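In: Build me a model:
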Amino acid sequence: MNPIEQFFNDAKNLHKSIALAIIIFLVIVIATGGTFIIPPGHRGILVTMGKVSPVFAPEGFGFKTPFITDVLPISIRQQTRTAQADCYSSDLQQISVELKILYRISETMVVKIFQEYSGDPFDSLIAPRVSEAFKEVTALQSAEQIVKKREEIKTKALVSARAKIGNLLVIEDIVIQNVALSKELESAIEAKMVQEQEAAKAKFIQQKAEVEANTAIIRAKGEAEAIRVRGRALQDSPGLVQLQIVEKWNGISPLVVGAGSGANILLPIGNQKGFTGAFLGRESDKIH
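Out: The predicted structure follows:
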């Protein structure tokens, strides 16, 4: 084979190699552009030349039309965002409430949420509805009640917000992080709470004194009744005194010492044996 033919053969083989490489590249590009992967906790929105498919793509691997179809993942996991609600109480006090909102997008509503709210409904749907719900609830309560009944206010606002949003989203919970009042209002509420605490303390002390007085009266009545019962028992049974003396006797007999008309001394016999013998001897001499 002459050099010219060799050149043309080499060029032909090179063209074949380039064409094969281009084909392989196009296959790879088409294969890559025709598949997609939806991560866990998300659903895919298929947009073909500006038209949104009414059916979402589940998580995992899938196929799509290459080059003309885009797949946008939308999270259906629970999300937490912070919002601010400026409200007025029934006594026309301005109150600023900082909220933490826990929500998630329902799987059946991902397509509609994407079409109407660009896939992120918080700023355009959730925050305004929750703020409106809080304004309606706080307008019926005084500033002091809003501070004291935060859990009740939150519950009512949560019910109202869910009703306003409907089934587009699932509002899991609303947490009141902070209730900001003016310094004057805070001082007034604090002073009132201190007065209420002092009044409750004074009432407790009064009730305690009444209980102690009633207890003393009951105890005194009981003691008086016991004395009355014992007195009546002694009147009805004179021998009861002797019986009590016998029951309390320690077994040692007393000795009476003294003349017939003078003072008498009671001495235990067990401790005065010598004295007793001498006394008995003198009495014996008198008899004789």
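In: Please parse this protein into its domains.
Out: For the chain, the structural domains run 3-75, 79-186, going by automatic domain parsing.
In: right, so those domains: which one is the most enclosed?
Out: domain 79-186 (a mean of 16; mean count of other CB atoms under 10 Å). Backbone N, C-alpha and C define where each C-beta goes, glycine included.
In: and that domain, what's its mean pLDDT?
Out: On average, the pLDDT along domain 79-186 is 87.
In: Adjust the sequence numbering to begin at 13 for everything that follows.
Out: All set: I'll call the first residue 13, so the last point we hit is now domain 91-198.
In: Residue 233 is nearest to which of the domains of the chain?
Out: The closest of those to residue 233 is domain 91-198. By CB to CB, the value is 44.5 Å.
In: Secondary structure element holding the nearest residue to residue 133 once chain neighbours are set aside?
Out: With CB to CB, 6 or more residues apart in numbering as the criterion, residue 133 has its nearest non-adjacent residue at 5.5 Å, and that residue is residue 125. If you go by DSSP states H and E, residue 125 is part of helix 122-129.
In: following that helix, which helix or strand comes up?
Out: Counting by DSSP H and E, what follows helix 122-129 is helix 139-150.
In: Give me the contact list for that following helix.
Out: 93, 95-101, 107, 109, 111, 113, 158, 165, 168-170, 172-173, 176-177, 183, 186 (CB atoms under 8 Å, 6 or more residues apart in numbering).
In: if we go to 7 Å?
Out: 95, 97, 99, 101, 107, 109, 111, 113, 158, 165, 168-169, 172-173, 176-177, 186 (CB atoms under 7 Å, 6 or more residues apart in numbering).
In: These in strands, which ones?
Out: 95, 97, 99, 107, 109, 111, 113, 186 (DSSP state E).
In: farthest pair in those residues?
Out: 107 and 113 (17.9 Å).
In: measure the residue nearest to residue 100 when sequence neighbours are not counted to residue 153 for me?
Out: Distances taken as CB to CB, 6+ apart place residue 106 nearest to residue 100, at 5.8 Å, with adjacent residues excluded. Distance, residue 106 to residue 153, using CB to CB, to the nearest Å: 14 Å.
In: Over to residue 211?
Out: Where residue 153 is concerned, residue 211 sits at a distance of 23 Å (CB to CB).
In: residue boundaries of the helices in the stretch 113-262 of the chain?
Out: 122-129, 139-150, 155-160, 162-177, 195-248, 251-260 (DSSP state H, counting those that start in this stretch).
In: Is it possible to get a markdown table of those helices that adds distance to residue 57?
Out: Below are the helices of the stretch 113-262 of the chain laid out as a markdown table (distance: least, CB to CB, whole Å):
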| stretch | distance to residue 57 |
| --- | --- |
| helix 122-129 | 5 |
| helix 139-150 | 23 |
| helix 155-160 | 41 |
| helix 162-177 | 20 |
| helix 195-248 | 48 |
| helix 251-260 | 101 |
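In: from the ones in strands among the contacts of helix 139-150, which is closest to residue 219?
Out: residue 107 (36.1 Å).
In: Look up how far residue 36 lies from the closest one.
Out: With distances taken as CB to CB, residue 107 is found 67 Å from residue 36.
In: cool, and residue 127?
Out: 39 Å.
In: What does the pLDDT read for residue 84?
Out: pLDDT, residue 84: 91.
In: Give me the three-state assignment for the closest residue to it other than its chain neighbours.
Out: Leaving aside its sequence neighbours, residue 84 sits nearest to residue 57 (CB to CB, 6+ apart; 4.6 Å). In three-state terms, and counting by DSSP: H, G, I helix; E, B strand; the rest coil, residue 57 is strand.
In: same question, residue 92
Out: Classified using three-state DSSP, residue 92 is strand.
In: Distance-wise, check it relative to residue 36.
Out: 47 Å.
In: same question, residue 183
Out: On the measure of CB to CB, residue 183 and residue 36 end up 52 Å apart.
In: now do residue 99
Out: In terms of CB to CB, residue 99 sits 65 Å off from residue 36.
In: Residue 244 now?
Out: Taking CB to CB, one finds residue 244 at 123 Å from residue 36.
In: residue contacts, the residue nearest to residue 56 when sequence neighbours are not counted?
Out: Among residues not flanking residue 56 along the chain, residue 69 sits closest, at 3.3 Å (CB to CB, 6+ apart). Residues near residue 69 by CB under 7 Å, 6+ apart: 50, 55-56, 58, 83.
In: Could you dump those into a markdown table with distance to residue 121 added?
Out: A markdown table is the format used below for those (distance: CB to CB, whole Å):
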| residue | distance to residue 121 |
| --- | --- |
| 50 | 17 |
| 55 | 10 |
| 56 | 15 |
| 58 | 16 |
| 83 | 18 |
